[in-house]
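S.K.: Let me see the structure of the following:
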Amino acid sequence: MTSAYKKPDFDSKHFENLFNSLPSMEGKTVAITGTTSGMGYIAAEACAKLGAKLILLNRPSERSIESLNRLRTECSNGEFHKVDCDLQSFASVRSSIDQINNICSGGLDVLCNNAGIMAFKDIATNDGYDIQMQTNHLSHFLLTKLLMEKLEKAADKNGEARIVNHSSIARFQSGKKLKSKYLEKRGGDLGGNGASMIFGGARWQRYGQTKLANAAFTACLHDKLKKSKSNVKAMVAHPGLAESDLQSSTVKDGGMGSFFTKYLMKLGQSEKDGALGLMRCIADPKINSGMIVGPGLKGMKGKAKAFPLESFYDNSETRSLLWSKSCEAISEDFII
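M.R.: Down below sits the predicted model:
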């Protein structure tokens, strides 16, 4: 039964040491998508404890309210702002912008595009795109475009701002090549519901394309921001194999078997250690634009280390494809 899966309870081995090494974030404003649980929640809590003002971008739900209350309990001195933002709807992303802009009138120091879903069924959003691609990449592309002015404002004032994307080792799937059809209005017609991770089931092909898109988006941003001499930086994290509610929701949707997942996750690490890459990208002054940060490029656990972006997505052909198809999807040009 898929409902039999229970995520493991790993102890964190590295997070406390990293957290204690990070500088104060007093005076900074950080927006994070997907903070109801997992690594997004951990990053939000850590940033608040470092002194940052947090903008929490989640779908409207009881979980969103409950997680906000937990954060306020854990960080009684923290400043949290809840903004409804459903990444499965371009209209919802657009409707969130006025509220976000009002909260960060002085500029946005960090935008962390964290939220994601994994190996879901072959279905379309109301906008017509694959539910995984729109949630994991296309809506983050739109959100970043709409908040770029606030990021530039913070960068001009404080010397830098950061865009942090969240990829995974799944970026190596699909032959390490981004394919245009997954970025097109073809949701529900992208291979069906094959769920084999090992044999490249269609659910995992689609997921791998979204994680490749996250990395390629970072490469695009880094290239364009560098050419424009902007002080906004772009970097990407990957968590390795970390316990989170992502596996539970995927098992529930039929994308992973509970027995297989139970034994696979024995190779993993805690949610907190999965968030090491995110936190280094968000707050570590040693992380520069154009870096991917995780437990080795293909590692599943351990300390988060920084590497240059990889050539299979950081190349002119992939960057051009990603940018043009993403602009086509949101029906807007994104000029940097």
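S.K.: On the three-state scheme, I163 is what?
M.R.: Assigned with DSSP: H, G, I helix; E, B strand; the rest coil, I163 falls in the strand class.
S.K.: Same question for M279.
M.R.: Classified using three-state DSSP, M279 is helix.
S.K.: what packs against the longest helix along the chain?
M.R.: Longest helix of the chain, by residue count under DSSP state H: helix 202-227. In terms of contacts (3 or more C-beta pairs under 8 Å, 6 or more residues apart in numbering; DSSP states H and E), helix 202-227 is packed against helix 131-133, helix 139-158, strand 161-166, strand 232-237, helix 316-330. For the C-beta atoms, the positions are set from N, CA and C on the backbone; glycine is no exception.
S.K.: closest one to G187 among these?
M.R.: Set against G187 and scored by C-beta to C-beta, the helices and strands packed on helix 202-227 come closest in helix 131-133, at 6.5 Å.
S.K.: tell me which strands and helices that closest one is in contact with?
M.R.: If you count contacts as 3+ C-beta pairs under 8 Å, 6+ apart, helix 131-133 packs onto helix 202-227.
S.K.: Helix or strand with the lowest mean pLDDT in the chain?
M.R.: Ranked by mean pLDDT, DSSP states H and E, the helix or strand of the chain with the weakest confidence is helix 258-264, at a mean of 69.
S.K.: any low-confidence regions in this structure?
M.R.: Residues of the chain that meet the criterion pLDDT under 70 lie in 1-5, 259-260, 263.
S.K.: before we move on, back to that, for G38, find the nearest of the helices and strands packed on helix 202-227.
M.R.: G38 lies closest to strand 161-166 among the helices and strands packed on helix 202-227, at 10.4 Å (C-beta to C-beta).
S.K.: List the neighbouring strands of that closest one plus their orientation.
M.R.: Within its sheet, and counting by DSSP bridges, strand 161-166 is paired with strand 110-113 (parallel), strand 232-237 (parallel).
S.K.: Let me know the angle separating that strand from helix 139-158.
M.R.: Calculated by axes from the mean of the first three to the mean of the last three C-alpha atoms, to 10 degrees, strand 161-166 forms an angle of 150 degrees with helix 139-158.
S.K.: got the angle between strand 161-166 and helix 202-227?
M.R.: Orientation check (the same axes, to 10 degrees): strand 161-166 against helix 202-227 gives 160 degrees.
S.K.: in strand 161-166, what's buried?
M.R.: Neighbour-count burial for strand 161-166 flags A161, R162, I163, V164, N165, H166 (criterion: 16 or more other C-beta atoms under 10 Å).
S.K.: just these now: which is nearest G200?
M.R.: For these, the nearest to G200 is H166 (22.4 Å; C-beta to C-beta).
S.K.: L111 is in contact with the closest one, correct?
M.R.: No - the pair H166 / L111 is not scored as a contact, 11.6 Å apart, by C-beta atoms under 8 Å.
S.K.: okay if I get the strands paired with strand 161-166 as a markdown table plus distance to I65?
M.R.: Shown next, in a markdown table, are the strands paired with strand 161-166 (distance: least, C-beta to C-beta, whole Å):
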| stretch | distance to I65 |
| --- | --- |
| strand 110-113 | 21 |
| strand 232-237 | 27 |
